[in-house]
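Colleague: structure of the sequence below:
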Amino acid sequence: MVHEKIDFDKELADAERETAESLKILTQHGFVLDTTQWLTIKRYAEKYSVSQQVVVNWINRGIIPADSTMVLAELNDIRLVKDQPYK
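Modeller: Next up, the predicted model:
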């Protein structure tokens, strides 16, 4: 088993940079989104301690309803999930 050391400060800085870039692109196109209510699949999986594949499976099976997901074409079709627990 390989244990990888995570640099949390770097990960946080990367996430903040990506968020800022995403918001800039969205606002330039007139799209306003309350980002406190939406997470990427990766961030959702991390927050709720499930794998990204589980989140994708939940979306595909309808456990996460369609109105609780969003695809942003302006950001290379990134998929967002409403920040709430599902099961």
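
Colleague: which parts of this protein are strands?
Modeller: Taking DSSP state E to define them, one finds strands in the chain at 38-40, 69-72, 78-82.

Colleague: adding mean neighbour count, mean pLDDT and distance to E21, write those out as JSON lines.
Modeller: To be clear about C-beta, it is placed using only N, CA and C from the backbone, and glycine gets the same treatment. Converted to JSON lines, the strands of the chain look like this (neighbours: other Cβ atoms under 10 Å; pLDDT from 0 to 100; distance: least, Cβ to Cβ, whole Å):
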{"stretch": "strand 38-40", "mean neighbour count": "19", "mean pLDDT": "92", "distance to E21": "13"}
{"stretch": "strand 69-72", "mean neighbour count": "14", "mean pLDDT": "89", "distance to E21": "12"}
{"stretch": "strand 78-82", "mean neighbour count": "18", "mean pLDDT": "92", "distance to E21": "11"}
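
Colleague: in a markdown table, list those strands along with distance to K24.
Modeller: Below are the strands of the chain laid out as a markdown table (distance: least, Cβ to Cβ, whole Å):
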| stretch | distance to K24 |
| --- | --- |
| strand 38-40 | 16 |
| strand 69-72 | 13 |
| strand 78-82 | 14 |
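
Colleague: so for E46, which of those sits nearest?
Modeller: With Cβ to Cβ as the criterion, E46 lies closest to strand 38-40 of the strands of the chain, at 8.7 Å.

Colleague: so what strands line up beside that closest one?
Modeller: strand 78-82 (antiparallel) (DSSP bridges).

Colleague: please enumerate residues in contact with the strand it pairs with?
Modeller: Outside strand 78-82, the residues within contact range by Cβ atoms under 8 Å, 6 or more residues apart in numbering are 22, 37-41, 44, 55, 59, 64, 68-72.

Colleague: switch to 6 Å and redo it
Modeller: W38, L39, I41, Y44, S68, T69, M70, V71, L72 (Cβ atoms under 6 Å, 6 or more residues apart in numbering).
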